[in-house]
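> Here is my input, please return the structure:
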Amino acid sequence: MFDYSTLKIIWWVLVGVLLIGFAIMDGHDMGVGTLLPFVGRNDVERRVVINTVGPHWDGNQVWFITGGGAIFAAWPLVYATAFSGFYWAMLVVLWALFFRPVGFDYRSKIHNATWRSTWDWGLFIGGSVPPLIFGVAFGNLLQGVPFHFDQYMVSTYTGSFWELLNPFALLAGVVSSAMITMQGGAYLAHRTEGEIQSRTIKATTIAALVMVLAFIGAGIWMQSIPGFRITSSVDVNGLPDPLTKTVVREAGAWMANYSRQPLLWLLPALGVLGALMAALLLRRRWTLSAFVSSSLALVGVIGTAGASMFPFVMPSSSMPSASLTAWDSVSSHLTLGLMFWATLIFMPLIIGYTSWAYSVMRGKVTAAYIRENDHAAY
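Next comes the predicted model:
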C-alpha cells in the first residue's frame, strides 16, 4: 500500500486524467453539437452530423459521471464547497445537458421542420453551454473563490452567480469553448465528407486559432493576477484540515511552479502547438492525426491549469488560509487506497469497451446512409 502523501499525489493526477478524459471524449460530441446548426445546411446534412456522435454520446457521459464521483470520494471538501458555491452555475450546466438525451432521441421522430430545427438548437445549447461554464469555473478558481469555514468546518460562499462572470473568467470560458469546438470539429471532419467536411474544417480552423489567441492572452493576464502561495510548513502525511496552514496572495504566484520545474513549460507549449497542428492537419485532410493533435492540445491546456495551481485545488479569496489543497482536503488513507485499486481495475475496462465501440462505429456517415436508414438513424 502506498503511503498517505503518495496517494494524495496519485489522486491529484487521477482527477486530472479524468478531467482530460472527459474533455477529449465527452468534449468532442459537445463540440459536434456546437457546430451542428452551422455546418449542416439542411435536414439530411444535420442528421449526418448528429449520427457521427449519436450512437456513443451517452457512453461518453461515463467520464463526466466518473470525474464527479472521483472528486466526491477523493476530495469531499472540494466537492461540498464547489457544488454549494457554484450551485447556480451547476444548475445551468444541468439544464443545458437536459437538451442532449431528449434531442438525440426525439429530434428525428417527427417529420416537421420546426420541430427538428428547435431540437437542433437545443443540441447546440447542450453542447456549447457546459464547456463555457466549465471554463468560467476554472477562471474563477485561478482568481480564488470567495468562501470561508466557520468553527464547525461548514463552508459559506459569499459571492454571487453574476460575480462569476468577470472578464478573466469569461476569457477562460472562451478558451474552453473554442477548445471543445475544435475537438468536436476534428472528430466531425474525420467522420464526414464533401461539403459538410469542408465547412467543418473551416469552422474548426477558426476555433483552433481563437483558442490559441485566448489561451496565450489568458496566460499573459494570469501573470498579473494575485495567485496563492503557502508560507507555512505542510504535513503532507497529515489528516485533512485546511485551517492549519497560512497562505498569502501575490502577483505571479501561479508561475512559481514553472520556475521550479522548467519542464512544465512543455504543457502550455503542447496546448498551443497541438491546436495549430490540428488546424494544419485538417487543411491537409489528415483528419485522424488532427483529432490526435487536438486531443494533445486539450492535455496541454488542462495540464497548464493544474500545474499552475498545484497544490491548490480550490483557493479562497476571502479567507486564503481556508484554501483547499491536494494535501488537506482529501479523504482518509484507506478510502484513497481502496479507490486507487478500484480505478486500476475499472479504468482499463472503460478504455477497452470505449475503444471497441469506436472501432465498431468507425467509418464515414453519409447522406446516402441517412436516406437508407431513415427510420433507424438519429
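> Surely Pro131 touches Met30?
Yes. Pro131 lies in contact with Met30 (C-beta atoms under 8 Å); the separation is 6.0 Å. Every C-beta, even on glycine, is put in place using the N, C-alpha and C of the backbone.
> So which of those two has more stuff around it?
In this view Pro131 and Met30 are compared by other C-beta atoms under 10 Å, and Met30 has more residues nearby, 30 against 27.
> and that one, what is it in contact with?
126-128, 130-131, 180, 184 (C-beta atoms under 8 Å, 6 or more residues apart in numbering).
> how about the nearest residue to it, chain neighbours excluded?
Spatially, and ignoring its direct neighbours in sequence, Met30 is nearest to Gly127 (4.1 Å; C-beta to C-beta, 6 or more residues apart in numbering).
> how close does the one you found sit to Ala377?
Here the criterion is C-beta to C-beta, to the nearest Å. By it, Gly127 lies 19 Å from Ala377.
> Mind checking which of these two has more residues around it?
Neighbours were counted for Gly127 and for Ala377 using other C-beta under 10 Å; Gly127 has more, 30 against 17.
> what separates the more buried one from Asn60, distance-wise?
12 Å.
> just the strands in this protein please.
Taking DSSP state E, the strands of the chain run over residues 147-149, 155-157, 226-230, 247-251, 312-314, 324-325.
> Compare those and give me the one nearest Ala367.
If you check each of the strands of the chain against Ala367 by C-beta to C-beta, strand 312-314 wins as the nearest, at 47.3 Å.
> anything in contact with each of Gly127 and Asn60?
With C-beta under 8 Å, 6+ apart as the test, Gly127 and Asn60 both reach Asp29.
> Just give the nearest non-adjacent residue to Gly135, would you?
Ser176 (2.6 Å).
> what about the one you found, neighbour count?
The burial count for Ser176: 28, using other C-beta under 10 Å.
> repeat for the one 10 residues further on
Other residues near Ala186 come to 31 when the count uses other C-beta under 10 Å.
> go on, Glu250?
Glu250, neighbours per other C-beta under 10 Å, totals 12.
> May I have the residues that are in contact with it?
226-227, 229.
> Tell me how far it lies from Pro320.
11 Å.
> ditto for Gly33
Gly33 is 39 Å from Pro320, by C-beta to C-beta.
> These two: which has the busier surroundings?
Gly33 (30 against 21).
> which ones are touching that one?
Gly33 neighbours (C-beta under 8 Å, 6+ apart): 53, 100, 123-124, 126-128, 184.
> between the residues you listed, which is closest to Leu165?
Ser128 (15.8 Å).
> Ignoring the adjacent residues along the chain, who's closest to the closest one?
Using C-beta to C-beta, 6+ apart, the closest residue to Ser128 is Thr34 (4.3 Å).
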